[in-house]
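Participant: Predicted model, plus sequence, below.
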Amino acid sequence: MAKIIAIANQKGGVGKTTSAVNLAASMAATKRKILLVDLDPQGNATMGSGVDKYDVEYSAYDLLVDDLPPEKIIITETSGGFDLIAGNGDVTAAEVKMMEMYGRELRLKNALAKVKDNYDYIFIDCPPSLNMLTVNAMAASDSVIVPMQCEYYALEGLTALMDTISQLASVVNPDLKIEGILRTMYDPRNRLANDVSEQLKHHFGDKVYRTVIPRNVRLAEAPSFGAPVMYYDKSSSGAKAYLALAGEMLRRSNKIKAA
Ligand SMILES: Nc1ncnc2c1ncn2[C@@H]1O[C@H](COP(=O)(O)OP(=O)(O)OP(=O)(O)O)[C@@H](O)[C@H]1O
Ligand SMILES: [Mg+2]
């Protein structure tokens, strides 16, 4: 049965989508069965997976609002070797429509329950806000990966985010865990980044992934080629970092299983 992981941070542009797409591809490269759910109306994860968000027949909208069977919605032809539930502007309409629905917080959870057995991991790329879409992601997930940039105020923002996650969880999903905190766009020559990084480790201990995602232009270029970075430039530092992250996650979960 799949472990469902939301990739969330209400702050915009911290590397949620880049992490979702490249982690999905890296995990798929280890022969795991992966589903990526693009829950962001921006549809960046969809485009980054080589799927035209304007040209999809079904999207997360149909899953959340119309109760269409997931098998109908899931796109199996992506550039990353994983399956995809696409996101696009329609997902904004889903957010509005869900507001008047019974059990609106649990729409995604109930839909994913139907396909959970077919995958090893399901990753959910969240929008940069705390709306009903993100609430659905939190309700459906076993855990959350929080990508963050090591910059001034990052810790303050993170503490606020952790509080929000635990408040949300207490209402919709008391079992929700923090899977890990991921340092993104990291520049080791930047002193502030190093300071923040140290504080982060001090506060959150081994919740902070040892793997650090460096600032790497290849990661920013890959989406315009509609591909995860490992299929655009496999020797880039970005490609190696996301493969290392997948390895670290798998080792951690083996350790937990063995314990
Ligand atoms: N490690 C990196 N090195 C260089 N550029 C990066 C890196 N990670 C992300 N970027 C770039 O930074 C921008 C923001 O990244 P991304 O879209 O992944 O963030 P996000 O948190 O999903 O944003 P949003 O909140 O808008 O959904 C993008 O242009 C992306 O290509
Ligand atoms: Mg995004």
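Facilitator: On my side now, so go ahead. Ligands and ions are numbered 1, 2, ... in the order given.

Participant: List phi and psi for the spatially closest residue to residue 63 that is not a sequence neighbour.
Facilitator: In this structure, residue 63 finds its nearest non-sequential neighbour in residue 111, 4.8 Å apart by Cβ to Cβ, 6 or more residues apart in numbering. Quick note: C-beta positions are derived from backbone N, CA and C, even for glycine. The phi/psi pair for residue 111 (degrees, to the nearest 10) reads phi -70, psi -40.

Participant: So which residues on the protein come close to ligand 2?
Facilitator: 16-17, 44 (Cβ under 5 Å from the ion).

Participant: Sort out for me which of the residues you listed are in helices.
Facilitator: Among those, the members falling in helices (DSSP state H) are 16-17, 44.

Participant: need the contact list for the nearest residue to residue 177 once chain neighbours are set aside.
Facilitator: Distances taken as Cβ to Cβ, 6+ apart put residue 143 closest to residue 177, at 4.2 Å, once the chain neighbours are dropped. With contact set as Cβ atoms under 8 Å, 6 or more residues apart in numbering, residue 143 has these partners: 3-6, 176-179.

Participant: which residues pair with residue 143 across the strands?
Facilitator: residue 5, residue 177 (DSSP bridges).

Participant: Report the beta-bridge partners for residue 84.
Facilitator: residue 36, residue 75.

Participant: right, and it touches residue 50 too?
Facilitator: No: using Cβ atoms under 8 Å, residue 84 makes no contact with residue 50, being 9.1 Å away.

Participant: Go ahead and list the helix or strand containing residue 145.
Facilitator: For residue 145, the host element (DSSP states H and E) is strand 143-149.

Participant: Return the mean pLDDT over that strand, rounded to an integer.
Facilitator: In this model, strand 143-149 carries a mean pLDDT of 96.

Participant: List the contacts of the residue of the chain most remote from its centre.
Facilitator: The C-alpha centroid of the chain is most remote from residue 191, which lies 28.0 Å away (Cα atoms, centre = their mean). Contacts for residue 191 (Cβ under 8 Å, 6+ apart) come out as none.

Participant: Residue 123 too?
Facilitator: Neighbour list for residue 123: 5-7, 20, 23-24, 34-37 [criterion: Cβ under 8 Å, 6+ apart].

Participant: Surely it is in a helix?
Facilitator: No: remark: residue 123 does not belong to a helix; assigned using DSSP: H, G, I helix; E, B strand; the rest coil, it is strand.

Participant: so how far is ligand 2 from it?
Facilitator: Counting by Cβ to the ion, to the nearest Å, the separation of residue 123 from ligand 2 is 12 Å.

Participant: Can you verify my assumption that residue 42 contacts residue 126?
Facilitator: No: assessed by Cβ under 8 Å, residue 42 is found out of contact with residue 126, at 11.0 Å.

Participant: More neighbours: the two, which one.
Facilitator: residue 126 (28 against 19; other Cβ atoms under 10 Å).

Participant: Residue 147 versus the residue lying closest to the more buried one once chain neighbours are set aside, what's the distance?
Facilitator: Excluding the flanking residues, the one nearest residue 126 by Cβ to Cβ, 6+ apart is residue 8, at 4.1 Å. From residue 8 across to residue 147, the span is 9 Å (Cβ to Cβ, to the nearest Å).

Participant: Having no further points to raise, I will conclude here.
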